[in-house]
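Peer 1: sequence plus predicted model, see below.
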Amino acid sequence: MEIPAFIRFAFVGALGFAVDLGMLFVGLRLLKLDVYSARLLCFAVTVTFTWALNRHVTFGEARARTWPGMAREWVQFVAVNAIGLAANYAVYAALVTYAAGWLAIPYVAAGCGSIAGLLFNYSASKRFVFGGRSAA
C-alpha cells in the first residue's frame, strides 16, 4: 500500500521539526540568541534538511538530477517555504510575545507555528518546486 504524499510530507516535516527544536536549543542556550533571532537560525538549517528529504521521500520522481537543477530546486523550495515561514513565524512570535503559560514557551510556540505553515508548504512545494507531478 502506497503512503500518500501528504503523509510523507508531514513525516518529513516532523523530522524537520526535531531538527528545528534542536537548532532552537542551540540558538537559545549555546549561542545565547534572543527568541526571535534563534528562530530565524532554525529556518536556515531546517529548510535545507526538509528539502533534501522531501526530494527523495515525498517527491522522488519529480526531483532535479543535475547540480544546476538541484540548486534551482533548492532556491524554489526556500522561496515557497519562506512564505510558509511567514505564517509559522507570525504564530511563534505572537505566542512568545503575548501568550501566557505554556503557550509562551518557545518550543511549544515553535510547534504551533510549524502546524500553521504545513498545508501551505505542501501545496506550494508540490506545485512550484517539484513540478506538480505525482509524488513518488
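Peer 2: Structure received.

Peer 1: which neighbouring elements make contact with the host helix or strand of Val96?
Peer 2: Assigned by DSSP states H and E, Val96 belongs to helix 67-98. If contacts are counted by 3 or more C-beta pairs under 8 Å, 6 or more residues apart in numbering; DSSP states H and E, helix 67-98 sits against helix 35-53, helix 106-124. Any C-beta I mention is one placed from the backbone N, CA and C, and that applies to glycine too.

Peer 1: contacts only, for the residue positioned nearest the centre of the chain.
Peer 2: The chain has Val47 as the residue nearest its centroid, 5.1 Å off, counting by C-alpha atoms, centre = their mean. Counting by C-beta atoms under 8 Å, 6 or more residues apart in numbering, Val47 touches 77-78, 81-82, 85.

Peer 1: try 6 Å this time
Peer 2: For Val47, the contacting residues are 78, 81, by C-beta atoms under 6 Å, 6 or more residues apart in numbering.

Peer 1: return the distance of it relative to Gly117.
Peer 2: 11 Å (C-beta to C-beta, to the nearest Å).

Peer 1: one more: Gly131?
Peer 2: Relative to Gly117, and taking C-beta to C-beta, Gly131 is found at 21 Å.

Peer 1: these two - which one has more neighbours?
Peer 2: Legend: neighbour count by other C-beta atoms under 10 Å for Gly131 and Gly117, higher for Gly117 (22 against 14).

Peer 1: can you pull the contacts of that one?
Peer 2: Residues in contact with Gly117 (C-beta under 6 Å, 6+ apart) are 84, 87-88.
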